[in-house]
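1. Make a model of this:
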Amino acid sequence: MGLEIESDQFTDEDLDRFRNRLQAEMELLRSWFAGNKFCDDHLQCGLELEAWLVDSAGLPVPDNTLFLSTLDRRSVVPELSKFNFEFNVSPQYIVGSGLSDMQTELRGTWLSCEEVAQTLGHSIVSIGILPTVADHMLCPGNMSPLKRYAAINQQVLRLRGGRPLSLEIDGVDSLRTSHNDVMLESAATSVQVHLKVPQADSVRYYNASLIASAYTVALAANAPLFLGRRLWDDTRIPVFEQAVDTAGPHRRVSFGHRYLEQSLMELFEDNLAYHRVLLPAPVDEAPARMPHVRMHGGTIWNWNRPLIGFEPGGQPHLRIEHRPMSASPSLIDLFADLMFYLGLVHYLARVPDSPESQLGFAQTRANFYAAAKFGMAAEVVWLDGRKLSMVELLRSTLLPLALEGMSALGISETQIKETGDVLLGRIDTRQNGASWQRQVFAVCSGDLAQLLAIYQARQQTSQPVHTWSTRI
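-> The predicted structure follows:
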């Protein structure tokens, strides 16, 4: 949710000042796009993973301040709730050993976090939604003590005219609840991939990311349970979309409403046109660092969103943040999902006959929500207009294309084979995190604490989820 701010209280003058500076930066940003000022370096990738702190009974522990201060790593930071935290993995070039280096770094950080949690009598879990989290735990008292979170909470409710946030989800079961705060959002934890792309290729990569989203969310789905209900395979999707809804013309979390045509600038223009300023905080940075554009964009959490960053020498670069994937059952699964996304997007972005010219945006969006709801049991429409089962399309078409894209990216043959084996195993068994949880939920007769204990035991084996037994 962005950088920390100095105050969570704002005046009309703060809002006017922010808008004026935002407009000035937008003029500069338009000139950057027109003049092709962005870095055109090789593709780089970064990664964020959100996780949970839990006690011996499997309940969330609202104690990330002590945990993080004891850990003392700049790459591990607080999240919205006191029982969540986030890993940030250093960006790497994709070609060569970059992805292996990322995996080594994340594994080392994960082990350090496990050790620190154990010294505090706790443990850590990577999962899309913690099955044992209860409604009463999602409250302001469990919000991390950072001003930006308090301000987001206040401003979302202000823009809603004080009306509570409502959550309505229909799956196997139905859920209806409401909150006077944004803490429902803290129930949803994810993997976020940052792909740095050259300006000249950015439109194709962004549109390819939209098309790929249905397949990444289905493969990585790991959130079928929330508040004791069996809902979507990736219930994070409707939870996040509804949990910070400011009741504007467009939700602040959505799939978007169109493909790009000419430039990523179209997305920044949409942010300005369709979304009211949420955090009019003063930012003491030069306009050339785009502080107000970045602050505003940081409060719009679409499943694929544009980001501006800067090279060590100060040159701006463009990133696409891909957000649809659940926090993973294992680090092996996480990096298989990551490489599937990179390979498929690279292939789709470079094929001469652009896929966005063959598949309408409305169908791409429909594919995404079908995949989020039904996971690997979904039916989707591919570029040739055929309606196919998710599993059939993944096995026959998408996995081979993704592997071809990985090879074109310069990923090692060893990594490609390992990734292919993991993904094919998941496809053939039709077992991802969501389907495993559904099966064990039934075997456990709905005992959420028992389900989570079994999940944690399986996660600690570091084996991919398609190999996990559903016996208890």
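2. Going along the chain, name the helices of the stretch 301-450 of the chain.
-> For the stretch 301-450 of the chain, applying DSSP state H, counting those that start in this stretch gives helices covering 331-350, 361-374, 390-393, 399-409, 413-429, 433-443, 448-459.
3. What distance do you get for His22 to Pro282?
-> His isn't right for residue 22; it's Leu. Separation of Leu22 from Pro282 (CB to CB, to the nearest Å) stands at 12 Å. The way it works is simple: take the backbone N, C-alpha and C, and place the C-beta from them, glycine included.
4. same thing with Val193?
-> Distance of Val193 to Pro282, given as CB to CB: 31 Å.
5. try Arg319
-> Using CB to CB, we find Arg319 at a distance of 25 Å from Pro282.
6. Which one of these two is surrounded by more residues?
-> Arg319 (21 against 14; other CB atoms under 10 Å).
7. I figured the more buried one hits Pro198, correct?
-> No: counting by CB atoms under 8 Å, Arg319 stays clear of Pro198, with 11.3 Å between them.
8. From Val465, how far off is Ala24?
-> From Ala24 over to Val465 the distance is 49 Å, taken as CB to CB.
9. quick one: contacts for the most centrally placed residue in the chain?
-> Closest residue to the average C-alpha location of the chain: Arg323 at 2.7 Å, with CA atoms, centre = their mean. The contact partners of Arg323, taken as CB atoms under 8 Å, 6 or more residues apart in numbering, are Ser190, Gln192, Trp301, Asn302, Trp303, Asn304, Arg305.
10. how about a cut-off of 10 Å?
-> 48, 190-194, 209, 213, 216-217, 236-237, 240, 253, 301-305 (CB atoms under 10 Å, 6 or more residues apart in numbering).
11. Next: His292.
-> By CB under 10 Å, 6+ apart, the contact list for His292 reads 17-26, 277, 279-283, 285.
12. now with 6 Å?
-> Applying CB atoms under 6 Å, 6 or more residues apart in numbering to His292 gives the contacts Arg21, Leu22, Glu25.
13. Please produce a PyMOL select command covering the buried subset of those.
-> Buried subset of the contacts of His292, written as a PyMOL selection, criterion 16 or more other CB atoms under 10 Å:
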select buried, resi 21+22+25
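14. Among the contacts of His292, which lie within helices?
-> If you go by DSSP state H, those have Arg21, Leu22, Glu25 in helices.
15. can you pull the pLDDT of the second one?
-> Put plainly, it is Leu22. At Leu22, the model reports a pLDDT of 98.
16. Could you check how far it is from Asp428?
-> For Leu22 relative to Asp428 (CB to CB), the value is 50 Å.
17. so where's the protein shaky on pLDDT?
-> In the predicted model of the chain, residues 1-2 satisfy pLDDT under 70.
18. ranges for the strands of it?
-> Ranges of strands in the chain, per DSSP state E, are 44-54, 76-78, 84-93, 123-125, 165-170, 174-179, 190-197, 225-226, 229-230, 304-310, 316-326, 379-381, 387-389.
19. so which of these comes closest to Ser69?
-> In terms of CB to CB, the element of these nearest to Ser69 is strand 76-78, at 10.4 Å.
20. Tell me the strands beside that closest one, with direction?
-> Strand 76-78 has its sheet partners listed here by DSSP bridges as strand 84-93 (antiparallel).
21. ok and the strand it pairs with relative to strand 304-310, angle-wise?
-> Put simply, strand 84-93 runs at 70 degrees to strand 304-310, going by axes from the mean of the first three to the mean of the last three CA atoms, to 10 degrees.
22. Identify the residues contacting strand 84-93?
-> Under the contact criterion CB under 6 Å, 6+ apart, strand 84-93 has outside partners 42, 44, 46-50, 64, 75-79, 98, 101-102, 105-106, 109, 186.
23. filter those residues to the buried ones?
-> Counted by 16+ other CB under 10 Å, the contacts of strand 84-93 give 44, 46-50, 64, 76, 78-79, 98, 102, 105-106, 109, 186 as buried.
24. Show me what stretch 327-343 is in contact with.
-> For stretch 327-343, contacts defined as CB under 6 Å, 6+ apart pick out 50, 103, 107, 126-128, 189-191, 193, 216, 220, 325, 402, 405-406, 419, 422-423, 433, 462, 464-465.
25. Give me the distance from it to the chain's centre.
-> Stretch 327-343 sits 12 Å away from the centroid of its parent chain (CA atoms, centre = their mean, to the nearest Å).
26. now swap in stretch 433-450 and tell me
-> Chain-centre distance of stretch 433-450: 24 Å, with CA atoms, centre = their mean.
27. Ok, stretch 249-266 next?
-> For stretch 249-266, the distance from its own C-alpha centre to the chain's C-alpha centre is 17 Å (CA atoms, centre = their mean).
28. do stretch 164-174 as well
-> For stretch 164-174, the distance to the chain centre is 21 Å (CA atoms, centre = their mean).
29. and what of stretch 114-123?
-> The answer for stretch 114-123 is 26 Å, by CA atoms, centre = their mean.
30. Now it: buried residues?
-> Buried residues in stretch 114-123, counted by 16+ other CB under 10 Å: Val116, Ala117, His122, Ser123.
31. hang on, Ser326 packs against Ile129?
-> No: in this structure, Ser326 is not within contact of Ile129 by CB atoms under 6 Å, at 8.1 Å.
32. In terms of neighbours, single out the busier of those two.
-> In terms of neighbours (other CB under 10 Å), Ser326 is the more surrounded of Ser326 and Ile129; the figures are 34 against 24.
33. got a list of what the closest residue to that one other than its chain neighbours touches?
-> Closest residue in space to Ser326, ignoring its immediate chain neighbours: Gly128 at 3.2 Å, by CB to CB, 6 or more residues apart in numbering. Residues near Gly128 by CB under 6 Å, 6+ apart: Asn222, Ala223, Arg236, Ser326, Ala327.
34. Make a ChimeraX selection of the buried ones in these.
-> In ChimeraX syntax, the buried subset of those is picked out as below (16+ other CB under 10 Å):
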select :222,223,236,326,327
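35. Reformat the strands of the chain as TSV; add distance to Glu261.
-> As requested, those are exported to TSV (distance: least, CB to CB, whole Å):
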stretch	distance to Glu261
strand 44-54	25
strand 76-78	36
strand 84-93	28
strand 123-125	42
strand 165-170	33
strand 174-179	38
strand 190-197	17
strand 225-226	37
strand 229-230	40
strand 304-310	14
strand 316-326	16
strand 379-381	22
strand 387-389	27
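36. Of these, flag the one that's most buried.
-> Highest mean neighbour count of the strands of the chain: strand 225-226, a mean of 28 (counted as mean count of other CB atoms under 10 Å).
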